[in-house]
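make a model of this:
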Amino acid sequence: MITNFFIPELNNHDVQELWFQQDGATCHTARATIDLLKDTFGDRLISRFGPVNWPPRSCDLTPLDNFLWGYVKSLVYADKPQTLDHLEDNIRRVIADIRPQMLEKVIENCTSRLDYIRDSRGSPMPEIIFKM
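Okay, here's the model as predicted:
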């Protein structure tokens, strides 16, 4: 997928400032995969064994995994796509409809939760209300 789809698609865009992050799942961190991603992203790779190390099984520390993928998935599958083309169209539509303001709110929410965790030294967060 990386060599046949992802890298060719990247070549269609200006990605000089783009960072790539993935979780530390074993299948994502094979030496060949990490080498390929390092060649593509240089030191802008956030991954286990990458230039910016990311702990395994800690994907929930990011707004992407904490919010975005669930949000996208809920909309992509809302009309129960029956074909790969329909699924791909839904993915493209949902991603295209995401506005910067929504992502700003997601980052603000994540930042406030991290501030709370730091200030409370990791205690539970029952009074935090997650907002959109």
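
now the helices for the chain?
All helices of the chain, identified by DSSP state H, fall at 7-10, 31-41, 63, 69-76, 84-97, 100-119.

reformat the ones you listed as JSON lines; add distance to residue 23.
Yep, even glycine has a C-beta here, placed from its N, CA and C like the rest. Below are the helices of the chain laid out as JSON lines (distance: least, C-beta to C-beta, whole Å):
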{"stretch": "helix 7-10", "distance to residue 23": "20"}
{"stretch": "helix 31-41", "distance to residue 23": "13"}
{"stretch": "helix 63", "distance to residue 23": "14"}
{"stretch": "helix 69-76", "distance to residue 23": "11"}
{"stretch": "helix 84-97", "distance to residue 23": "20"}
{"stretch": "helix 100-119", "distance to residue 23": "16"}
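
could you look over the ones you listed and pick the most buried one?
Ranked by mean neighbour count, the helices of the chain are led by helix 63 with a mean of 17 (mean count of other C-beta atoms under 10 Å).

in JSON lines: the helices of the chain, plus mean pLDDT and distance to residue 52.
Formatted as JSON lines, the helices of the chain follow (pLDDT from 0 to 100; distance: least, C-beta to C-beta, whole Å):
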{"stretch": "helix 7-10", "mean pLDDT": "86", "distance to residue 52": "18"}
{"stretch": "helix 31-41", "mean pLDDT": "89", "distance to residue 52": "10"}
{"stretch": "helix 63", "mean pLDDT": "73", "distance to residue 52": "17"}
{"stretch": "helix 69-76", "mean pLDDT": "91", "distance to residue 52": "20"}
{"stretch": "helix 84-97", "mean pLDDT": "95", "distance to residue 52": "24"}
{"stretch": "helix 100-119", "mean pLDDT": "82", "distance to residue 52": "18"}
